[in-house]
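Visitor: my questions are about this predicted structure, shown below with the sequence.
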Number of protein chains: 2
Amino acid sequence: MDIVQELLAGSPRALSRAITAIENEYEEAFSIMQKLYPHTGKAHVIGITGPPGAGKSTLTDKLAKKYRENGKTVGIIAVDPTSPFSGGAILGDRIRMNELTMDPGVFIRSMGTRGSLGGLSLKTSDAAKIMDAAGKEIIFIETVGVGQSEVDIVKAADTTIVVLVPGLGDDIQAIKAGILEIGDLFVINKADRDGVERLNTELEMMLDLNQNKVKWRPAVNRTIASRGVGIDELMEKIEEHRTYLQESGELALRRTQRTRDELLALLEEQISRRVTEKMRASGELDFLVASIEQRRQDPYSVVAALLDAYLI
Amino acid sequence: MDIVQELLAGSPRALSRAITAIENEYEEAFSIMQKLYPHTGKAHVIGITGPPGAGKSTLTDKLAKKYRENGKTVGIIAVDPTSPFSGGAILGDRIRMNELTMDPGVFIRSMGTRGSLGGLSLKTSDAAKIMDAAGKEIIFIETVGVGQSEVDIVKAADTTIVVLVPGLGDDIQAIKAGILEIGDLFVINKADRDGVERLNTELEMMLDLNQNKVKWRPAVNRTIASRGVGIDELMEKIEEHRTYLQESGELALRRTQRTRDELLALLEEQISRRVTEKMRASGELDFLVASIEQRRQDPYSVVAALLDAYLI
């Protein structure tokens, strides 16, 4: 059996190998994804994002356990866009070793940037598709941070949960402005800390202001993930959102949008890789860089000329 | 006079208009950059990044004032990659209104993502070039966050300062793994807080481990930016790094690398825009998305076919 057949038959080893192929951009990655693609589109993908220290990993673990208790198989992708060595992600794995890895119904995978060419959001999305094809029913994509790359990563999710904690300080306004649109559900974790009421009020106010733009009004949930407080209620909200997505037609709309975005991102990546390779191989790249550095040409005119040279 | 001549003659209005053209991707942006490019390459660009709440804006302001006292003209670009509405950046501006905006030797500009197609890091880099051509001698690029997009943004800097604060919690390891390579200088701000010794020790240990890879050993500086503590020493370190860059030949190496990266990024952006426009206009994009959604085709095979169709 080839790796795709093994994966469809439920082999965790094949699942792991397929994601490794994507992560390291092995030659076979492209053909693996081609063969897997018809088997995707069944899982519910849950994105979990928020600033460092918000307790996202613990929250994900507790939610994963609840879904397991309800008989669902679970995949977890822990993404660390800040780390070329997936240092943080490895740390996350270690903590999880005792908790979930003994359960064959759970598959956990860390992903970092690995210093490679391709975009992490594309790889994360592919990893989710691989888990989906392998039969995982609930897939968590958990990502550290609140920047653009994290927003891009959770775009692969059907339901996005933004996790905050009380007492984050000055830049909280900036964070909230950026994540307001991507959050389907908000969680204030570590809700036994000072400042929880203030954060809750601020969040509700911002969501109220945003309300006329959206059909779904995100709920603000409180949890203390380390003690399991609020997890049942959060899972209920996730299921409520899932039902909303299906019944409103929003799920179909989002998936069409996602298909479009991913197609364009994949095309962009492959085109620029192909052109860059050609330019490197011919020595054209070095020549142009030197010429621009010496201010004999400017990069904008150079690019205009390259478009004419490489595009039909 | 056209906008470029005005800008080169020192008009702040022209400077502002040029950056707006870049930010909003106006038609004229490309030709503005073409004309400006020969006048760039003189400024020293300082990147300032770090997690939310680290006090980056205050630190930038204090450094800017010091440089002004030393007779240098200053540009500040406050980037907020999390915010499509540059909400956070606007907040930053408001605070700065009283402090620096009265000084004609300082030009401050906020940039958010504005929901546009182009990459924020390219635009930030172009904004820095515009300020450079307009004669600003020291340019600060300050960005909220620690994700990949922030790392990309500070790649436009000659000297990158990573600002941390004591007591950030669990994910600090992940942050540090990601920023270790980009930091030329480290600052522990709010150094009167608990945990400063521990953070300092941790940072020094990580930098020691990394030491054999680099010629320049980043210093860890302590500041309390709100009270101006440690700013003189930090500026000395910046100037030390600048001298190192020039004397070691590292500045030339970095700028060549940056020219290469920016050329490829610009090319990638323009190619994918051109191809996407063609696909949209012809209806091909909608057709392919529908076909992929219905699992009649997979995106990987579609992209392979598109490469053959659009590339020479």
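Guide: Perfect, I can see it now. Residues are numbered from 1 along each chain as shown, chains lettered A, B, ... in the order given.
Visitor: chain A: strands as residue ranges?
Guide: Here chain A has its strands, by DSSP state E, at A:44-50, A:74-79, A:106-111, A:138-144, A:159-164, A:185-188, A:219-222.
Visitor: would you turn those into CSV with distance to B:Gln297, mean pLDDT and mean neighbour count?
Guide: Yep, even glycine has a C-beta here, placed from its N, CA and C like the rest. What follows is those, written out as CSV (distance: least, C-beta to C-beta, whole Å; pLDDT from 0 to 100; neighbours: other C-beta atoms under 10 Å in any protein chain shown):
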stretch, distance to B:Gln297, mean pLDDT, mean neighbour count
strand A:44-50, 22, 92, 26
strand A:74-79, 25, 92, 28
strand A:106-111, 27, 90, 22
strand A:138-144, 23, 90, 27
strand A:159-164, 27, 92, 26
strand A:185-188, 34, 94, 24
strand A:219-222, 38, 95, 19
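Visitor: nearest to chain B, out of the ones you listed?
Guide: Proximity to chain B (C-beta to the nearest C-beta) singles out strand A:138-144 among those, at 5.3 Å.
Visitor: quick revisit: figure out which of the strands of chain A is closest to A:Arg255.
Guide: strand A:44-50 (10.1 Å; C-beta to C-beta).
Visitor: would the closest one count as contacting chain B?
Guide: No: figure legend: strand A:44-50 not in contact with chain B (C-beta under 8 Å from any C-beta of the partner chain); closest approach 9.9 Å.
Visitor: for stretch A:294-302, same thing?
Guide: Yes: against chain B, stretch A:294-302 shows contacts by C-beta under 8 Å from any C-beta at A:295, A:298-302.
Visitor: measure the nearest residue to A:Gly230 once chain neighbours are set aside to A:Leu207 for me?
Guide: Of all residues not flanking A:Gly230 in the chain, A:Thr223 sits nearest, at 3.5 Å (C-beta to C-beta, 6 or more residues apart in numbering or on different chains). From A:Thr223 across to A:Leu207, the span is 18 Å (C-beta to C-beta, to the nearest Å).
Visitor: so between these two, which is more surrounded?
Guide: Under the criterion of other C-beta atoms under 10 Å in any protein chain shown, the comparison of A:Thr223 against A:Leu207 puts A:Thr223 first, with 23 against 18.
Visitor: tell me the contacts of the more buried one?
Guide: By C-beta atoms under 8 Å, 6 or more residues apart in numbering or on different chains, A:Thr223 lies in contact with A:59, A:187-189, A:191, A:229-231, A:234.
Visitor: okay, now the unreliable bits of the stretch 51-200 of chain A?
Guide: A:81-99, A:113-118, A:145-150, A:168-180 (pLDDT under 70).
Visitor: all helices for it, in order.
Guide: For the stretch 51-200 of chain A, the helices defined by DSSP state H, counting those that start in this stretch cover A:56-69, A:87-96, A:120-133, A:148-154, A:172-179, A:196-210.
Visitor: same question for the stretch 201-312 of chain A.
Guide: Under DSSP H, counting those that start in this stretch, the stretch 201-312 of chain A gives helices at A:231-248, A:250-282, A:284-293, A:299-310.
Visitor: any idea how chain A splits into domains?
Guide: Following automatic domain parsing, one gets these domains for chain A: A:37-248, A:264-310.
Visitor: off-centre distance for the last one?
Guide: Taking C-alpha atoms, centre = their mean, to the nearest Å, one finds the center of domain A:264-310 at 30 Å from the center of the full chain.
Visitor: the longest one now?
Guide: The chain centre lies 8 Å from the centre of domain A:37-248; the measure is C-alpha atoms, centre = their mean.
Visitor: go ahead and flag the most central residue of chain A.
Guide: A:Ile153 (3.2 Å; C-alpha atoms, centre = their mean).
Visitor: correct me, but that one touches A:Gly47?
Guide: Yes: counting by C-beta atoms under 8 Å, A:Gly47 is a contact partner of A:Ile153 at 7.3 Å.
Visitor: hey, what's in contact with both of those two?
Guide: A:141, A:143.
Visitor: what about A:Glu240, neighbour count?
Guide: The burial count for A:Glu240: 14, using other C-beta under 10 Å.
Visitor: quick one: contacts for A:Trp216?
Guide: A:184, A:241, A:244, A:248, A:250.
Visitor: among those residues, which two are most distant?
Guide: A:Asp184 and A:Ser248 (12.3 Å).
Visitor: where does pLDDT dip in the stretch 201-312 of chain A?
Guide: Ranges of the stretch 201-312 of chain A meeting pLDDT under 70: A:211-214.
Visitor: got the residues of it near chain B?
Guide: A:255-256, A:259-260, A:262-264, A:266-268, A:270-272, A:274-276, A:285, A:288-289, A:292-293, A:295, A:298-304, A:306-307, A:309-312.
Visitor: isn't A:Gly135 right up against A:Ala9?
Guide: No: here A:Gly135 lies out of contact with A:Ala9, judged by C-beta under 8 Å, at a distance of 9.6 Å.
Visitor: who has more neighbours, the two?
Guide: A:Gly135 (18 against 11).
Visitor: next up, the contacts around that one.
Guide: A:10, A:73.
Visitor: can you tell me how far it is from chain B?
Guide: Separation of A:Gly135 from chain B (C-beta to the nearest C-beta, to the nearest Å) stands at 17 Å.
Visitor: likewise for A:Glu277?
Guide: 11 Å.
Visitor: that residue: neighbour count?
Guide: Neighbours of A:Glu277 (other C-beta under 10 Å): 11.
Visitor: please apply the same query to A:Arg198.
Guide: A:Arg198 - counted by other C-beta under 10 Å - has 12 other residues nearby.
Visitor: my guess is it contacts A:Leu164, does it?
Guide: No: using C-beta under 8 Å, A:Arg198 is not in contact with A:Leu164, being 11.6 Å away.
Visitor: against A:Glu239, how distant is A:Leu288?
Guide: 55 Å.
Visitor: same check, this time on A:Leu59
Guide: In terms of C-beta to C-beta, A:Leu59 sits 16 Å off from A:Glu239.
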